[in-house]
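> A structural model of the following input is requested.
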Amino acid sequence: MSRSVVSSRKASAFRYIKPAKRRASQYEEITLHTQWDPKNFASQGWFNVDKHGRPLWSDDSTLLKSTDWWAYRDPQAEWFRPFVKRQANTGRAIEQAIQGARRADLYANYESSWVSFLAGFYASYRYVEYGLFMVLCQAQREAGSDVIAQPIVFQSIEKDRHAQDIALYCLELESGIDQFSDGSCKTGWMEATEWQPTRKVIELLLATRDWGEINLVINCLFEPIVSTLFNRELVLKNAPLHGDTITAVIAEGAEADREIRRNSTQAFIEMLLEQQPDNRVVIQGWYKKWLPLVQDAVQAMAPMFDLPSRCCQSFEQAYARVMNEFEQQNNALTIGG
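Numbering: from 1, shown residues only. I've put the predicted structure just below:
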């Protein structure tokens, strides 16, 4: 087959690329339209439906409206192979940090109040991450198009990895620190007053059926406020002050993932508002509904800042910084109050 014929076939195969003469990127070739929809290429109808005859994607699965769900492009432009490579690099960084700690006997330098914090609140944080994993698994199934679903799939995997990182690290600490035990962390998650408003948000998200609401509440409210205050302002900043360089590496891995998903969600919102400006009203309604719950969750964490003996900042200072960043992000997305 001549090269000109192959080139012609490739050009026609990617007729959904706009403008039409633009060459499809590798990200688009691999990601876009892996699942066809009767709205574009599946002229014969859906290939599969559930037992009730409901298709994979449905316009009634979210209050958000779009003229073209396939117009979305993730700024990260990731598909499976680069995603796995990035996650593997994070895993290697954690493993190397742990191996270095063993060789240098760094666990002996952990301050006792910090060990108590890790055994209690940090160990319990795995349930936050695992809860978000389950919520995102639900959202990705109905996320409008394959190109929108993929970053949600990747984020759900990241959340599962975060939970596993904490669980594995606790096993490591049990072998390296005599007085360390995370045996009560599940009880703490279920009963500690500091966690109950957070648990309420997670459980309400699990009961939510609008995939757009789930995606935006997690990435525009919960992650920028609750996750950032706990994982960055409390854990990442204070670990080194208590002789702990390992937890900071684990926390930074989660922060790096969070930044990527923030950019993905910003691009998603920009697409929504460009296509259908009325989506702003829907998003504002979700903010009004969920922001008080998220603020309750983060306010309940205030006593956690009193446990480490060398906390670099007060809860009030950390909360002020997080909320200032949230407002700036909110303004950048032109969501409004």
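> In what element of secondary structure is residue 131 found?
Applying DSSP states H and E as the criterion places residue 131 in helix 123-140.
> who does that helix touch, helix- and strand-wise?
Of the remaining helices and strands, those touching helix 123-140 by 3 or more CB pairs under 8 Å, 6 or more residues apart in numbering; DSSP states H and E are helix 146-176, helix 185-191, helix 196-206, helix 211-216. Every residue, glycine included, has its C-beta placed from N, CA and C.
> I'd like to know which of those is closest to residue 76.
helix 146-176 (7.0 Å; CB to CB).
> what comes up buried for that closest one?
Neighbour counts over helix 146-176 (16 or more other CB atoms under 10 Å) mark 146-163, 165-166, 168-170, 172-173, 176 as buried.
> now stretch 83-98
Buried residues in stretch 83-98, counted by 16+ other CB under 10 Å: 83, 86-87, 90, 94, 97-98.
> can you pull out the helices in the stretch 1-150 of the chain?
Secondary structure of the stretch 1-150 of the chain by DSSP state H, counting those that start in this stretch: the helices cover 3-13, 26-31, 80-104, 112-117, 123-140, 146-176.
> what does the second one rub up against?
Read that as helix 26-31. Helix 26-31 has contacts (CB atoms under 8 Å, 6 or more residues apart in numbering) with 14, 17, 73-74, 77-79, 146-147, 150.
> that older thread, can you redo the helices of the stretch 1-150 of the chain as a markdown table with mean pLDDT and distance to residue 327?
Formatted as a markdown table, these follow (pLDDT from 0 to 100; distance: least, CB to CB, whole Å):
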| stretch | mean pLDDT | distance to residue 327 |
| --- | --- | --- |
| helix 3-13 | 43 | 45 |
| helix 26-31 | 81 | 32 |
| helix 80-104 | 95 | 30 |
| helix 112-117 | 96 | 29 |
| helix 123-140 | 96 | 23 |
| helix 146-176 | 95 | 23 |
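> Make CSV from those and add distance to residue 261 to it.
Output for the helices of the stretch 1-150 of the chain, formatted as CSV (distance: least, CB to CB, whole Å):
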stretch, distance to residue 261
helix 3-13, 31
helix 26-31, 16
helix 80-104, 12
helix 112-117, 26
helix 123-140, 10
helix 146-176, 5
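> Indicate which one of these is closest to residue 60.
With CB to CB as the criterion, residue 60 lies closest to helix 123-140 of the helices of the stretch 1-150 of the chain, at 15.1 Å.
> What residues sit buried inside that closest one?
123-133, 135-136, 138-140.
> if we can go back for a sec, so which of the buried residues of stretch 83-98 is the closest to residue 310?
Checking these against residue 310 by CB to CB gives residue 97 as the nearest, at 20.6 Å.
> so which helix or strand takes in the residue nearest to that closest one when sequence neighbours are not counted?
In space, and not counting its chain neighbours, residue 97 is closest to residue 249: 4.3 Å by CB to CB, 6 or more residues apart in numbering. Here residue 249, judged by DSSP H and E, is contained in helix 246-275.
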